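Asks: Just need the structure, nothing else, for what follows:
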Amino acid sequence: MREAMLPPRVQRLRQKLSRKAKEQKRFRFYSLYDKIIDKETLRAAYRQVRANDGAPGVDGVTLVRIDEVIGEERFVEELHNELKAGQYKASPVRREYIPKANGKLRPLGIPVIKDRVVQAAVVQRTSRIALMGSDLGAMRIRRWSRSQQH
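Replies: This next block holds a predicted model:
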């Protein structure tokens with residue numbers, strides 16, 4: 001997700017984590033869970049998943065159903081509570097096979113939407129930390145940021 005599309009609070013936290021990782025390369029980030037399960041982070045992750053669209057997982061729940069029946073706010077609230085209580089458990093992944101150019105089939109795993117949102121939240125919080133841990137990572141971030149501006 002483009003940095004500019006994230007809520008300001010999520011952007012600020014990402015920048016702080018990025019700066020810390022860049023300035024203190026040996027620093028270990030032990031307590032990111034509270035930042036990952038933050039409602040604003042989960043909301044931004046849900047919007048990223050919704051923008052990507054995609055097929056339903058093994059539970060058959062679609063983004064349209066979530067938006068129309070449950071609603072974004074309730075979905076985020078319930079997922080936040082589940083994560084906070086330590087009751088979240090990833091679901092099995094739906095397996096599909098897509099044809100390759102050479103005629104063979106490539107396996108494709110399709111997670112349920114809830115799992116995609118959690119994965120997106122983890123990436124939002126950790127990608128900059130991982131990339132800023134090295135000079136090569138910092139260079140990749142700058143290059144990626146410039147490519148997102150065009």
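Asks: all contacts plus neighbour counts: C-alpha atoms, from now on.
Replies: Will do.
Asks: Check for me that residue 95 belongs to a helix.
Replies: No - if the criterion is DSSP: H, G, I helix; E, B strand; the rest coil, then residue 95 is strand and not within a helix.
Asks: Quick one: residues contacting it.
Replies: Counting by C-alpha atoms under 8 Å, 6 or more residues apart in numbering, residue 95 touches 107, 108, 109, 110.
Asks: of the residues you listed, buried ones?
Replies: Taking 16 or more other C-alpha atoms under 10 Å as the criterion, what is buried in those is residue 110.
Asks: Would you point out the most distant pair within the contacts of residue 95?
Replies: 107 and 110 (9.9 Å; C-alpha to C-alpha).
Asks: mind listing the helices for this structure?
Replies: 8-23, 33-36, 39-52, 63-65, 72-84, 113-132, 135-148 (DSSP state H).
Asks: Among the ones you listed, show the one with the smallest mean pLDDT.
Replies: Mean pLDDT across the helices of the chain is lowest at helix 135-148; the value there is a mean of 50.
Asks: re earlier: how about a markdown table for the contacts of residue 95, with distance to residue 120 and pLDDT added?
Replies: Shown next, in a markdown table, are the contacts of residue 95 (distance: C-alpha to C-alpha, whole Å; pLDDT from 0 to 100):
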| residue | distance to residue 120 | pLDDT |
| --- | --- | --- |
| 107 | 21 | 96 |
| 108 | 18 | 94 |
| 109 | 16 | 95 |
| 110 | 14 | 96 |
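Asks: hang on, the earlier thing: which neighbours do residue 107 and residue 110 share?
Replies: With C-alpha under 8 Å, 6+ apart as the test, residue 107 and residue 110 both reach 95, 96.
Asks: who touches stretch 34-47?
Replies: 6-7, 9-10, 72-73, 76-77, 80, 83-84, 117-118, 120-122, 124-125.
Asks: sorry, that was for stretch 56-66
Replies: 50, 53, 55, 72, 75, 91-94, 110-113.
Asks: May I have the distance across that stretch, first residue to last?
Replies: Using C-alpha to C-alpha, to the nearest Å, the end-to-end distance of stretch 56-66 comes out at 11 Å.
Asks: With that, I have no additional questions.
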